[in-house]
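Enquirer: Have a look at this prediction, sequence included:
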Amino acid sequence: EISYMVKKAALLAAILVLQAGMLAGCTSNEQAAQSAQSQTETQAQQTQNLSVQSTVEQTAAQQQEIQPQGSVQFADAGELSQEQQDLLCDYIDRYYQILGSFEQQDLSDLFASDAQNGLLAEQLVLEYGIQVRSSQRSDLHLTGYSSTLQVQSVQQEEDGNLRVMLREDVTQNFAQHPEVDSNVLDSFHMFELTQEDGSWKVVSHTGGQDRLYWTLSRSLRNGEGDVSDQMEQQAQELIELLQVNVARREQTSDEPLPQAANAYDRQAAVAYAKQWVTDRNDEWPDYSMSGGNCQNFVSQCLLAGGIPMDSGGDAVWKWYGDTPNNLPQMAGRSASWSGVDEFLQYAANNTGSGMVAVADADYYSGEIGDVLILGYDEENLYHAVIITDVVTDEEGNVVDYLVHSNTANQESFPVSAYGYTYQVLVKICGWN
């Protein structure tokens, strides 16, 4: 039987040969959103947009020297003992140390001796995150981080193990723009802990900021026996996609942008995004617990920027009520309002009245108020975000975008740090 360390070494070797390069998102699909309950909202206030320009361009040698400085603490530890708190804080701290420095660490001292699949899943997720962040134009080393944890529930199993659900709020500072606080709020972690030789250890971890956790956890739950080969294959497939997806962003087109009769107020859209990213406007439903609120949030931002609802023609984009309705009438909710795939189809296919957009514009031509649709490939799209800042280098070249999004709530987060490496820019040109 091949040991865990041999398998891990083989996988890392394959990654280095490929030279290919993480974050949770939301699956705002129509089927999940249909079951959501509507809520009432207050009106948005505008805030001033901040454009971000990087001021320091570091050499590769300088980048390698970056060691993030950060903290992890409990705001509410619930029923957890001090030893259990220390274990979980150590775990989260090492997570950011690894991603922030682009250097793997041995986590075996945190895991139970018989939890090799759980350990492997964590190492695979972290290696994927390193490859993603190190493959970008933007310098995604961390200069600092501050994580606050809150216990949501603690459940003791029949075998004595504990299942602990945590909520995390974290601020990260990236080397490309260290003065910017990139916040990820209300993300969740699920840990299983066990006692071994009188000490608490981790059995498994799911959640955090990368959908790959959920992909690998399905293998752990549904597989029989040693599922390490299956998990390694899943991670390897995403790493191979990474190189293709990053290269795709360099493609450009000579096609002129379509003309719109009416302008899009980008500042107003961004002001709405910044006001409501961590809250919910009671005038709209919240689909956070029904597949994800990301596209619903982006649609609200576009409406705030002056893009009118479109209830005419074959392509519609509307919300007159929570009942699903894709007919050309002023009633109900179209799939394109709350579904990622459906919104992209609307942006691509709409003609005549309504939004004027380019559904797959040159990636680095984005402006504030434009939309990015994210996934692993064109058949697996999961998330929508709105650009709130454009990051440029000293020569003025676009290297990244800072985005706001829902589920989890993210403020000024670099989109290139997402584990969803297939990214489609939707250029909003205005409306007719």
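Expert: Perfect, I can see it now. Numbering: from 1, shown residues only.

Enquirer: Find the residue ranges of the stretch 1-150 of the chain scoring beneath the pLDDT cut-off.
Expert: Within the stretch 1-150 of the chain, the set of residues satisfying pLDDT under 70 comprises 1-66.

Enquirer: Let me see the ranges of the strands in it.
Expert: For the stretch 1-150 of the chain, the strands defined by DSSP state E, counting those that start in this stretch cover 69-76, 142-156.

Enquirer: Output those in JSON lines, with mean neighbour count and distance to Tyr272 appended to each entry.
Expert: No exception for glycine: its C-beta is placed from N, CA and C like everyone else's. Supplementary listing: those in JSON lines, determined by neighbours: other Cβ atoms under 10 Å; distance: least, Cβ to Cβ, whole Å:
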{"stretch": "strand 69-76", "mean neighbour count": "15", "distance to Tyr272": "29"}
{"stretch": "strand 142-156", "mean neighbour count": "17", "distance to Tyr272": "27"}
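
Enquirer: To Gln131, which of these lies closest?
Expert: Among the strands of the stretch 1-150 of the chain, the nearest to Gln131 by Cβ to Cβ is strand 142-156 (15.8 Å).

Enquirer: can you dump the C-alpha coordinates of that closest one into PDB?
Expert: Extracted C-alpha coordinates of strand 142-156, given in PDB (Å, rounded to 0.1, in the frame of the first residue of the first chain):
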ATOM      1  CA  LEU A 142      -0.800  37.900   2.400                       C
ATOM      2  CA  THR A 143       0.800  40.700   4.400                       C
ATOM      3  CA  GLY A 144      -1.700  40.200   7.200                       C
ATOM      4  CA  TYR A 145      -4.900  38.600   8.300                       C
ATOM      5  CA  SER A 146      -7.300  38.800  11.300                       C
ATOM      6  CA  SER A 147      -9.900  36.000  11.800                       C
ATOM      7  CA  THR A 148     -12.700  35.900  14.300                       C
ATOM      8  CA  LEU A 149     -14.500  32.700  15.100                       C
ATOM      9  CA  GLN A 150     -17.900  32.100  16.600                       C
ATOM     10  CA  VAL A 151     -19.300  28.700  17.600                       C
ATOM     11  CA  GLN A 152     -22.700  28.000  16.000                       C
ATOM     12  CA  SER A 153     -23.300  24.500  17.300                       C
ATOM     13  CA  VAL A 154     -21.500  21.600  19.100                       C
ATOM     14  CA  GLN A 155     -22.900  18.100  18.700                       C
ATOM     15  CA  GLN A 156     -21.500  15.000  20.400                       C
END
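
Enquirer: how far is the following helix or strand past it from where the chain is centred?
Expert: Toward the C-terminus, strand 142-156 is succeeded by strand 162-174 as the next helix or strand (DSSP states H and E). For strand 162-174, the gap between its own C-alpha mean and the chain's C-alpha mean amounts to 14 Å (Cα atoms, centre = their mean, to the nearest Å).

Enquirer: what do you get for stretch 104-114?
Expert: With Cα atoms, centre = their mean as the basis, the distance from the averaged C-alpha position of stretch 104-114 to the chain average is 26 Å.

Enquirer: how far does that stretch stretch from start to finish?
Expert: Across stretch 104-114, the straight-line distance between its terminal residues is 21 Å, by Cα to Cα, to the nearest Å.

Enquirer: now stretch 247-255
Expert: Between the opening and closing residues of stretch 247-255 lies a distance of 20 Å (Cα to Cα).

Enquirer: Touching it from outside, list them.
Expert: With contacts defined as Cβ atoms under 8 Å, 6 or more residues apart in numbering, stretch 247-255 is touched by 361-364, 422-423.

Enquirer: Of those, which is the nearest to Ser71?
Expert: Gln423 (31.0 Å).

Enquirer: Which of the three states applies to that closest one?
Expert: Applying DSSP: H, G, I helix; E, B strand; the rest coil to Gln423 yields a three-state assignment of strand.

Enquirer: swap in Ala247?
Expert: Following three-state DSSP, the label given to Ala247 is helix.

Enquirer: do the same with Leu344
Expert: Classification of Leu344 into helix, strand or coil gives helix, according to three-state DSSP.

Enquirer: Leaving aside the residues adjacent along the chain, what's closest to it?
Expert: Sequence neighbours aside, Ile373 is the residue nearest to Leu344 in space, at 5.2 Å (criterion: Cβ to Cβ, 6 or more residues apart in numbering).

Enquirer: what's the answer for Gln329, then?
Expert: The shortest distance from Gln329 to any non-neighbouring residue, by Cβ to Cβ, 6+ apart, is to Ser311 (6.0 Å).

Enquirer: what are the ranges of the helices in this protein?
Expert: Residue ranges of the helices in the chain, as given by DSSP state H, are 4-18, 30-33, 60-64, 82-101, 116-134, 212-222, 228-248, 266-276, 294-304, 335-338, 340-349.

Enquirer: coming back round to it: between the contacts of stretch 247-255, which is nearest Glu158?
Expert: Glu158 lies nearest to Tyr422 out of the contacts of stretch 247-255, by Cβ to Cβ, at 42.2 Å.

Enquirer: how about that closest one, what does it touch?
Expert: Taking Cβ under 8 Å, 6+ apart, one finds 241, 245, 248, 374-378, 380-381 in contact with Tyr422.

Enquirer: please redo it, this time with the cut-off set to 10 Å
Expert: Taking Cβ atoms under 10 Å, 6 or more residues apart in numbering as the criterion, Tyr422 is in contact with 241-242, 244-246, 248-249, 373-382.

Enquirer: Tyr320: which of the strands of the stretch 1-150 of the chain is closest?
Expert: Between Tyr320 and the strands of the stretch 1-150 of the chain, the shortest gap by Cβ to Cβ is with strand 142-156, which sits at 35.3 Å.
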